[in-house]
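> Structure for the following, please:
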Amino acid sequence: MAVFLSTIVVCFYIGYFGAGAGFLLITLLSLFGFQDLNEINALKVVANTMANGVAFLIFVVDGQVVWRYCLLAMVTCAIGGYSSARLGRMVPQKILRGLVVMIGLSMAAWFFWKQ
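Numbering: from 1, shown residues only. Okay, the predicted model is just below:
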């Protein structure tokens, strides 16, 4: 129940900001004891899709979607998501975990430096 409620809180953030959504969900699921990165990635994709889907519907109803940009982003995200999932299964878990940590720390350092 705690992981469910925590995921809802993170999903509200994702629906509004979206920045670092994958890293937040990976961290959250890891903190609650999930070990298998392929399982974490699958849960992350489902939670992220739901959060962004709800936000998208709200923006559509409110008339805030610029469709020419949105459709291009939707297609490229679908291609990237599908190919990343296939690639992620081929990479050993230790290497994948190291990459996730390295990318997260690099992004944090970049944003702190740009401030």
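
> where does Gly33 land in three-state SS?
With DSSP: H, G, I helix; E, B strand; the rest coil as the basis, Gly33 sits in coil.

> if I pick it, what's in contact with it?
For Gly33, no contacting residues are found, by C-beta atoms under 8 Å, 6 or more residues apart in numbering. Using the backbone N, CA and C atoms, a C-beta is placed for each residue, glycine as well.

> Could I have the CA atoms of the helix or strand of the chain with the lowest mean pLDDT written out in CSV?
For the chain, the helix or strand with the lowest mean confidence is helix 2-16, at a mean of 80 (criterion: mean pLDDT, DSSP states H and E). Only the C-alpha atoms of helix 2-16 are listed here, as CSV (Å, rounded to 0.1, in the frame of the first residue of the first chain):
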residue,chain,number,x,y,z
ALA,A,2,2.9,2.4,0.8
VAL,A,3,4.5,1.9,-2.6
PHE,A,4,1.1,2.6,-4.3
LEU,A,5,0.5,5.8,-2.4
SER,A,6,4.1,6.9,-2.9
THR,A,7,3.8,6.2,-6.7
ILE,A,8,0.6,8.3,-6.8
VAL,A,9,2.5,11.3,-5.2
VAL,A,10,5.3,10.9,-7.8
CYS,A,11,2.8,10.6,-10.6
PHE,A,12,1.2,13.9,-9.7
TYR,A,13,4.7,15.5,-10.0
ILE,A,14,5.2,13.7,-13.3
GLY,A,15,1.9,14.9,-14.7
TYR,A,16,2.8,18.5,-13.9
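
> Now for the most centrally placed residue in the chain: which residues touch it?
The centroid of the chain falls nearest to Gly22 when counting by C-alpha atoms, centre = their mean (2.7 Å). Listed by C-beta under 8 Å, 6+ apart, the contact partners of Gly22 are Lys44, Asn48.

> element containing it, please.
Element membership of Gly22, judged by DSSP states H and E, is helix 21-31.

> Quick one: mean pLDDT over that helix.
For helix 21-31, mean pLDDT is 86.

> No further questions, thank you.
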